[in-house]
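> For reference, the sequence and a predicted model appear below.
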Amino acid sequence: MMNFVVKTLANAGALGVAIWLLQDITLTGDSTGKKAWTLILVALVFGLVNFLVKPIVKLISLPLFFLTLGLITLVINALMLLITSWLADQLGLSFHVEGFWTAVLGGLIISVVSWALNVVLPDGD
């Protein structure tokens, strides 16, 4: 359970950095508390998308992984971010990613920051 909480907080932190760095990834809210709560919920949705959808997409794109020497992972991460944006809109969360190239850059930022936070934060095992 602790590992789940740590990974969700790492995702929230990584999403927060991407929102801060890229103007086309937006998170709106009336107050800081509402924004923080929305960010946690979006991190949960992002984690769920990465847990359920990403393995299927990676399996289907396995030949492209070898052909592009792994660069297709950037596209897959962008698609996961766009799916998260769409789901957040469906759930009434005020999170939006504008455009594919913004999603590619955002996915790269989220991957790097999430990796760094997972190294620093305890894993709870």
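Thanks, I have it.
> residues making contact with whichever strand or helix holds W115?
Using DSSP states H and E, W115 sits within helix 100-120. With CB atoms under 8 Å, 6 or more residues apart in numbering as the test, helix 100-120 has contacts from 6-7, 9-11, 13-15, 17-18, 21-22, 24-25, 74-75, 77-82, 85, 97. To be clear about C-beta, it is placed using only N, CA and C from the backbone, and glycine gets the same treatment.
> So which of those residues belong to helices?
Residues of the contacts of helix 100-120 located in helices (DSSP state H): 6-7, 9-11, 13-15, 17-18, 21, 74-75, 77-82, 85.
> hmm, back to that, using ChimeraX, make a named selection holding only the buried ones among the contacts of helix 100-120.
Once 16 or more other CB atoms under 10 Å is used to decide burial, the buried members of the contacts of helix 100-120 can be selected in ChimeraX as follows:
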select :6,7,10,11,13,14,15,17,18,22,25,74,75,77,78,79,80,81,82,85,97
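> what comes up buried for the helix holding W115?
Neighbour-count burial for helix 100-120, counted by 16+ other CB under 10 Å, picks out 102-110, 113-114, 117-118.
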